[in-house]
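Q: Return a 3D structure for these sequence lines:
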Amino acid sequence: MQAGYRPEDFPRIAWRHGPLRLPLGEDVSLRIPGAMIAVQGADMRRFLEASGNEIEGRELAVAGPEDLRWFAIFSRAPAGTARRRTEWTEHFVEPDGRRSMLRTIVLPAGGELLQVEILSEEDNASLAMQESELLLRSVEAEMPRLWWWPPAAAAALAALWLLFRRRASVTRRDCGAA
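A: Now for the predicted structure:
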């Protein structure tokens, strides 16, 4: 990671300016507020490569403030990650000597599990933390459209079972009375 970039440092990247909504999964989206920018797809991969970040194939979007004093990489969480919100921070030194910080958050969002990596220079770390909270709160998860099906099927089966039991007991009573 090399923070301190500006969007104009990446002329081939088509940054999208907020407010806008980016899909991150089938039922998950990210609202990008005004004064922030985002990129997905091939432009996102070009940005990650140009900024010195490895591409793992799980990346969904990159977002940050318009001056890119920090940016967040939204990815699918690795397989086997616990389905609860967790967070950790790493400090490291860039090859050019700048001290940087990587804040990683695992974020359950509906049926999805996201990993958000927020990269900033240590000088901007507290501001990046405050501003990135707005972005983290803008992850929206919709209820899957068929969430009601399993409980409805279970209720219907229970009702049929009770109806069958009731009819069986009435039939036994009627047969015993005759």
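Q: Distance of Leu102 relative to Gln115?
A: To Gln115, Leu102 is 12 Å away according to C-beta to C-beta, to the nearest Å. For the C-beta atoms, the positions are set from N, CA and C on the backbone; glycine is no exception.
Q: Looking at the two, which is more packed in?
A: Gln115 (20 against 15; other C-beta atoms under 10 Å).
Q: who are the neighbours in contact with the more buried one?
A: Going by C-beta atoms under 8 Å, 6 or more residues apart in numbering, Gln115 touches 58, 74-78, 81, 104-107.
Q: moving C-terminal of the helix or strand harbouring it, what's the next helix or strand?
A: Using DSSP states H and E, Gln115 falls within strand 112-121. As assigned by DSSP H and E, the chain's next helix or strand after strand 112-121 is helix 125-137.
Q: The helix or strand just after that next one packs against which elements?
A: Per DSSP H and E, the first helix or strand lying C-terminal to helix 125-137 is strand 139-141. Under the contact criterion of 3 or more C-beta pairs under 8 Å, 6 or more residues apart in numbering; DSSP states H and E, strand 139-141 touches strand 28-32, strand 99-109.
Q: Relative to the longest one, what are the paired strands and their orientations?
A: Read it as strand 99-109. Applying DSSP bridges, strand 99-109 is found paired with strand 86-93 (antiparallel), strand 112-121 (antiparallel).
Q: Please enumerate residues in contact with it?
A: Against strand 99-109 from outside (C-beta under 8 Å, 6+ apart): 1, 3, 24-25, 28, 77, 81-94, 113-123, 125, 128-129, 132, 136, 139-141.
Q: what distance separates stretch 45-59 from the middle of the whole chain?
A: Relative to the chain's own centre, stretch 45-59 is displaced by 17 Å; criterion: C-alpha atoms, centre = their mean, to the nearest Å.
Q: Pull out the buried positions in it.
A: With burial defined by 16 or more other C-beta atoms under 10 Å, the residues of stretch 45-59 counted as buried are 45-48, 51, 53, 59.
Q: Pick the one among those closest to Arg167.
A: Glu59 (58.2 Å; C-beta to C-beta).
Q: Disregarding residues adjacent in the polypeptide, which is nearest to the closest one?
A: Ser75 (4.8 Å; C-beta to C-beta, 6 or more residues apart in numbering).
Q: Identify the residue nearest the geometric centre of this structure.
A: Leu114 (3.8 Å; C-alpha atoms, centre = their mean).
Q: picking that back up, which residues does the residue nearest to Glu59 form beta bridges with?
A: What pairs with Ser75, by the bridge criterion (DSSP bridges), is Glu59, Gln115.
Q: Who are the contact partners of it?
A: Going by C-beta under 8 Å, 6+ apart, Ser75 touches 56, 58-60, 114-117.
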